[in-house]
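Colleague: this is the structure alone, sequence omitted:
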């Protein structure tokens, strides 16, 4: 028995140690991904700032290459953000994201080529290839812009359709709330008819009971005595409640 308890305790200890190691690895991995994401974002911001400075502060081949890279990166990044945010509410954008990933491969290739050309010492050769580079950049950015604007138009159209449907439902409900000319009157008429029927039934029952009662003797003045109301007629009073005890007659000695 003691051996079994020891084995169970060791097994539980090893399980706890393994669970702790797994949790530690998950936390470290999440922290590392967060740090990598922050570093990547900072590097991207610095590179974009450098490209803006080159495109505005330098002329010639260097400024043209910087402007092409800046246009390409801005268009691709904006489209990627739009699609990733839109697919959360519209699953049909999944195909658009697949197309954008294929387009991103050409975008990354062009961006790497432009970055290499920035270090190219032969400026004349770069100037000769600038028209082709501009054409490729325009094709990629136009395709990315087309996907982005199509996603925006779809989201706006869906929102307008949803708003129109909601407005129609609100109009119907508002009309139903304002239509008080029929239903309340019908309900009051039904309640009044039910009340009249109950009163008529009660009156008929009381008349039948009165007919079965024996006739009373005429009064002294020759007029028939009329029974008083139930509340004023002692004979019609109900029996005392169980807790109301009858008074005992006093005994005389």
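Modeller: Looks like it came in fine. What you are looking at is a predicted structure, and each value in this text was computed from that prediction instead of being measured. Numbering: from 1, shown residues only.

Colleague: please make it C-alpha for all contacts and neighbour counts, starting now.
Modeller: Noted.

Colleague: could you list the low-pLDDT ranges of this structure?
Modeller: Within the chain, the stretches with pLDDT under 70 are 1, 30-44, 46-48, 50-52, 54-59, 180-188, 204-253.

Colleague: map the structural domains onto the sequence of it.
Modeller: Taking automatic domain parsing as the reference, the chain has its domains at 1-57, 58-171.

Colleague: what would those domains look like in CSV with distance to residue 195 and mean neighbour count?
Modeller: Formatted as CSV, the domains of the chain follow (distance: least, CA to CA, whole Å; neighbours: other CA atoms under 10 Å):
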stretch, distance to residue 195, mean neighbour count
domain 1-57, 73, 12
domain 58-171, 37, 15
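
Colleague: any chance of the ones you listed in TSV, plus distance to residue 200?
Modeller: Putting the domains of the chain into TSV (distance: least, CA to CA, whole Å) gives the following:
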stretch	distance to residue 200
domain 1-57	81
domain 58-171	45
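
Colleague: to residue 189, which of these lies closest?
Modeller: Of all those, it is domain 58-171 that lies closest to residue 189, at 28.9 Å by CA to CA.

Colleague: what's the helix or strand for residue 116?
Modeller: Taking DSSP states H and E as the definition, residue 116 sits inside helix 94-117.

Colleague: list of residues touching that helix?
Modeller: When contacts are defined by CA atoms under 8 Å, 6 or more residues apart in numbering, helix 94-117 is touched by residues 65, 68-69, 72-73, 76, 80, 83-84, 87, 126, 136-137, 140, 144, 147.

Colleague: could you single out the nearest of the residues you listed to residue 201?
Modeller: Using CA to CA, residue 87 comes nearest to residue 201 of the contacts of helix 94-117, at 69.7 Å.

Colleague: any idea what sits nearest that closest one, other than its immediate chain neighbours?
Modeller: Spatially, and ignoring its direct neighbours in sequence, residue 87 is nearest to residue 93 (5.3 Å; CA to CA, 6 or more residues apart in numbering).
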